[in-house]
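**Student:** Coordinates only, no sequence provided:
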């Protein structure tokens with residue numbers, strides 16, 4: 001980070017360490033949550049399984065055997081989407097683009113956008129309560 005910062009013309013705006021970058025990202029809502037996972041992708045050790053030491057489906061151990069510290073063999077990172085979508089709708093120009101599928105989509109049997117696809121149309125038919133909101137993405 002120091003080498004990169006030295007190459008930039010303004011030196012007082014860039015964070016000096018990876019820790020500072022992570023802190024800024026967390027403050028902006030770009031953080032993530034680390035959840036222990038089964039090495040065979042059976043379950044996430046979250047909620048009622050949070051205290052389990054092995055997978056309830058395949059009995060694979062959650063932690064590295066023979067290690068003194070309990071370090072999970074596999075971890076998943078969860079990036080919450082709600083805050084990211086809210087920030088997209090805060091900017092007028094981007095919010096307009098986020099509603100394109102509702103406002104400007106032309107139904108002429110030409111596939112230009114995901115909203116023209118059969119799956120999207122089928123989803124809209126079955127979940128009309130969701131499709132009625134122009135902000136659905």
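**Tutor:** Yes, it's here. Model, not experiment: these values are computed from the prediction. Numbering: from 1, shown residues only.
**Student:** in the chain, which spans are helices?
**Tutor:** 2-7, 18-27, 82-90, 92-98, 100-103, 118-126, 128-131 (DSSP state H).
**Student:** which of those sits most buried?
**Tutor:** helix 100-103 (a mean of 14; mean count of other Cβ atoms under 10 Å). Every residue, glycine included, has its C-beta placed from N, CA and C.
**Student:** So for that one, mean pLDDT?
**Tutor:** If you average the pLDDT over helix 100-103, you get 78.
**Student:** got the domain boundaries for the protein?
**Tutor:** 2-78, 92-131 (automatic domain parsing).
**Student:** Of those domains, which is nearest residue 86?
**Tutor:** domain 2-78 (8.4 Å; Cβ to Cβ).
**Student:** What sits closest to the residue sitting nearest the centre point of the chain if chain neighbours are left out?
**Tutor:** When Cα atoms, centre = their mean is applied to the chain, the residue found nearest the centroid is residue 79 (3.3 Å). Closest residue to residue 79 apart from its sequence neighbours, by Cβ to Cβ, 6 or more residues apart in numbering: residue 32 at 4.8 Å.
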